[in-house]
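Asks: when you get a sec, could you give me coordinates for this:
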Amino acid sequence: MNQNMQIKTGKCHSVPTVQENGKIELSEQWQWTSGDYSKGEFLLVEVPDAEIWDLYNENRELLGKDHVRGEQLPIDGYHLVVHVWIRNSKGEYLISQRSANRPTYPLMWECVGGSVVKGEDSLQGAIREAKEEVGVDLMPENGQVLFTKTRKIIEGKIFNDIMDVWLFDYDGEVDLGNATTDEVAQVAWMNREQIKELFDANMFVETLEYFFTEVDK
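Replies: So this is what the prediction gives:
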């Protein structure tokens with residue numbers, strides 16, 4: 001391979017195909033670096049676990065389009081996000097501390113949350129995120145959506161998500177060893193006052209301030 005070639009990285013959306021003009025078409029399962037194909041200057045690396053989202057319009061109607069996590073969202077395309085607050089019969093909430101290796105808010109405390117993936121609805125996404133992050137199996141009938149918020153542009157960046165805030169009642173076992181990811185360092189049951197102490201000490205994710213007015217009223 002030419003040592004002086006210029007390489008760019010990115011992801012595309014179709015099966016790896018080389019056209020007659022030398023252009024390469026890829027799917028979301030592939031990461032690519034491209035140089036001059038006519039000189040053999042390209043490299044394909046398979047990425048089978050790319051996270052794919054369904055895109056919606058502002059009215060929460062499916063657009064029939066997929067989106068690869070990490071790419072820039074289109075100005076008119078939104079994806080679903082869930083925040084999941086888990087409450088026991090004592091009125092305490094299951095709070096998790098983000099792992100030290102998380103790219104944003106490392107070691108800060110929060111509720112369960114994440115993006116709904118392709119083919120899921122909001123409820124399915126909430127139940128999956130709880131299992132992945134804290135190892136808890138939530139029952140669909142024990143959950144309710146408290147409110148929904150559409151977020152478009154935050155600090156000049158296209159955010160474009162539709163956020164459902166869920167509340168689940170749960171008195172079962174909590175064993176972080178049952179989690180399927182390493183996103184969480186530890187968990188704890190906390191009441192409103194304890195969560196407020198974390199928030200005031202800048203140890204609780206700031207965007208969750210709505211907890212005090214919309215969740216634990």
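Asks: so where's the longest helix in the protein?
Replies: Looking across the chain with DSSP state H, the single longest helix is helix 122-134.
Asks: in that helix, which residues are buried?
Replies: Across helix 122-134, burial judged by 16 or more other C-beta atoms under 10 Å covers 122, 123, 125, 126, 127, 128, 129, 130, 131, 132, 133, 134. (Glycine included, C-beta is placed from N, CA and C.)
Asks: next, format those residues as CSV and append distance to residue 171.
Replies: Shown next, in CSV, are these (distance: C-beta to C-beta, whole Å):
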residue, distance to residue 171
122, 23
123, 20
125, 23
126, 18
127, 17
128, 21
129, 19
130, 14
131, 17
132, 21
133, 19
134, 14
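Asks: quick one: which of the residues you listed is nearest residue 103?
Replies: Proximity of the buried residues of helix 122-134 to residue 103 (C-beta to C-beta) peaks at residue 133, which lies at 15.6 Å.
Asks: show me the shaky parts of this structure.
Replies: Counting by pLDDT under 70, the chain contains low-confidence ranges at 1-49.
Asks: tell me where it has helices.
Replies: Here the chain has its helices, by DSSP H, at 122-134, 192-200.
Asks: what sits up against the longest helix of the chain?
Replies: 80, 82, 84, 86, 94, 96, 112-117, 120, 136-138, 140, 143, 145, 164, 166, 168, 174, 176, 178-181, 183-184, 187 (C-beta atoms under 8 Å, 6 or more residues apart in numbering).
Asks: what subset of those residues is buried?
Replies: The buried subset of the contacts of helix 122-134 - by 16+ other C-beta under 10 Å - is 80, 82, 84, 86, 94, 96, 112-117, 120, 136, 138, 143, 164, 166, 168, 174, 179, 183-184, 187.
Asks: out of the residues you listed, list just those in strands.
Replies: Mapping the buried ones among the contacts of helix 122-134 onto strands (DSSP state E) picks out 80, 82, 84, 86, 94, 96, 112-115, 143, 164, 166, 168, 184, 187.
Asks: mind listing what the residue nearest to residue 144 when sequence neighbours are not counted touches?
Replies: In space, and not counting its chain neighbours, residue 144 is closest to residue 167: 5.6 Å by C-beta to C-beta, 6 or more residues apart in numbering. Contact partners of residue 167, counting by C-beta under 8 Å, 6+ apart, are 85, 87, 143, 144, 146, 215.
Asks: quick one: the fifth one from residue 83, how far?
Replies: In this structure, residue 146 and residue 83 are separated by 9 Å, where distance is defined by C-beta to C-beta, to the nearest Å.
Asks: thinking again about what came up before, so which of the contacts of residue 167 is the closest to residue 102?
Replies: For the contacts of residue 167, the nearest to residue 102 is residue 85 (19.5 Å; C-beta to C-beta).
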